[in-house]
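Colleague: Provided below are the primary sequence and the corresponding predicted coordinates.
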Number of protein chains: 2
Amino acid sequence: MKRTSLDDADCPIARALDVIGDWWSLLIVRDAFFGLRRFGEFHKSLGMAKNILTVRLKSLVASGILEAVPAADGSAYREYVLTPKGRELFPVLVALRQWGAKHQFPDQPCTIELLDREKSEPIPPLELRAADGRRLTPADTMIRIRA
Amino acid sequence: MKRTSLDDADCPIARALDVIGDWWSLLIVRDAFFGLRRFGEFHKSLGMAKNILTVRLKSLVASGILEAVPAADGSAYREYVLTPKGRELFPVLVALRQWGAKHQFPDQPCTIELLDREKSEPIPPLELRAADGRRLTPADTMIRIRA
DNA sequence: GATATAGGTTTAATTATGAAACTACATGGA
DNA sequence: TCCATGTAGTTTCATAATTAAACCTATATC
């Protein structure tokens, strides 16, 4: 009666969620994008129990999303940094951010904005586009199962 | 000692995950995009325990992601369909799908493809672009907290 | 009306999460 | 050097969530 594993599912969404589909992992990744590297930094930022932070960090390292490296300041501690695989989660975070900002702030608007650093202006919503550049709605897409 | 709630966090990612950040919710939404509507359809597709399917459906309805409507075939049963808010999760699912397909199929490539229906060709990776169309990497972005 | 199916609820066992205490090691200061 | 403090965890125990299976009721089918 274990938590059902999705790591052998055919669906890439299921496999992705098997690795990062819990309450904390993507928040750790978010903080890693924000520049946090140390156990204590994550702990303070997220306010989560230390034992489960330990488990999550180990899991993210095991999944190849984070890498544990010697501390940059020369101290004997470790630091956790995003791997290329982890950095490629950026669109997932942006999509979640945009959805959350639009739909989960019913009273006053969200005060945290993602900006284009060069122009200091907000980043427009992610759009799904076809190879030829056409904007696509969900209905414009379909699933194909390759033999 | 309840599960820590993130629904009052300032961060839109945290608020989004508070609603859909569990193992099953996004898979239910995925199936809803695929056209599934009935309790039994979700149950069969996902293979999850029925009681927690009940809880998740209720939660998704309460969050305004799904809506419970009378069955389309005139029977007395209910069906669960995506609301506009739920349909706007599409970029999240696409981002997860693309990441999972790229990184979670180490042996043989993923056999499930998302296609542009009109051309029957694969949909290219989501890209983050500035208002002026420049492609943005994570390093090209920054967070601003509005006063 | 009898039977089967859909859509749940209930129950009990297992697993995950959480808070706090505890430990080991590193660092900094007197 | 010695002590105090900080970092990074681990351990323990209580609580909450997930699971599987049995059960239940209303609906649909014959």
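Modeller: Good, I have the coordinates. Nothing here was measured: the structure is a model prediction, and the numbers come from that model.

Colleague: please name the nearest non-neighbouring residue to the residue minimising distance to the centre of chain A.
Modeller: Centroid check for chain A by C-alpha atoms, centre = their mean gives residue A:26 as the closest residue, at 4.1 Å. The shortest distance from residue A:26 to any non-neighbouring residue, by C-beta to C-beta, 6 or more residues apart in numbering or on different chains, is to residue A:20 (5.5 Å). Yep, even glycine has a C-beta here, placed from its N, CA and C like the rest.

Colleague: pull the distance from the host helix or strand of residue A:94 to the chain's centre.
Modeller: Following DSSP states H and E, the helix or strand that holds residue A:94 is helix A:90-103. For helix A:90-103, the separation from the chain centroid amounts to 10 Å (computed by C-alpha atoms, centre = their mean, to the nearest Å).

Colleague: who are the packing partners of it?
Modeller: helix A:25-34, strand A:112-116, helix B:12-20, helix B:90-103 (3 or more C-beta pairs under 8 Å, 6 or more residues apart in numbering or on different chains; DSSP states H and E).

Colleague: what comes into contact with that helix?
Modeller: By C-beta atoms under 8 Å, 6 or more residues apart in numbering or on different chains, the surrounding residues in contact with helix A:90-103 are A:16, A:20, A:26, A:29-30, A:33, A:109-110, A:112, A:114, A:123, A:125-126, B:11-17, B:64, B:85, B:88-89, B:91-92, B:94-96, B:98-99, B:125-128, B:137-138.

Colleague: put the buried members of the residues you listed into a ChimeraX selection.
Modeller: Typed into ChimeraX, the line below selects the buried ones among the contacts of helix A:90-103, using 16 or more other C-beta atoms under 10 Å in any protein chain shown:
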select /A:16,20,26,29,30,33,110,112,114,123,126 /B:11,12,13,14,15,16,17,85,88,89,91,92,94,95,96,98,99,126,128,138
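
Colleague: returning to what we had before: surely the residue nearest to the centre of chain A is in contact with residue B:20?
Modeller: No: look at residue A:26 against residue B:20 with C-beta atoms under 8 Å: they stay out of range, at 10.7 Å.

Colleague: now the common contact residues for the two.
Modeller: Between them, residue A:26 and residue B:20 share no contacting residue, judged by C-beta under 8 Å, 6+ apart.

Colleague: sorry, back to before: what's the closest of the helices and strands packed on helix A:90-103 to residue A:69?
Modeller: Residue A:69 lies closest to helix A:25-34 among the helices and strands packed on helix A:90-103, at 12.2 Å (C-beta to C-beta).

Colleague: CA atoms of the closest one as CSV?
Modeller: The C-alpha trace of helix A:25-34 is given here as CSV (Å, rounded to 0.1, in the frame of the first residue of the first chain):
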residue,chain,number,x,y,z
SER,A,25,9.9,20.3,-4.3
LEU,A,26,8.9,23.1,-6.7
LEU,A,27,9.2,25.7,-3.9
ILE,A,28,12.7,24.5,-3.3
VAL,A,29,13.5,24.8,-7.0
ARG,A,30,11.9,28.3,-7.0
ASP,A,31,14.2,29.3,-4.2
ALA,A,32,17.1,27.8,-5.9
PHE,A,33,16.3,30.0,-9.0
PHE,A,34,16.2,32.9,-6.6
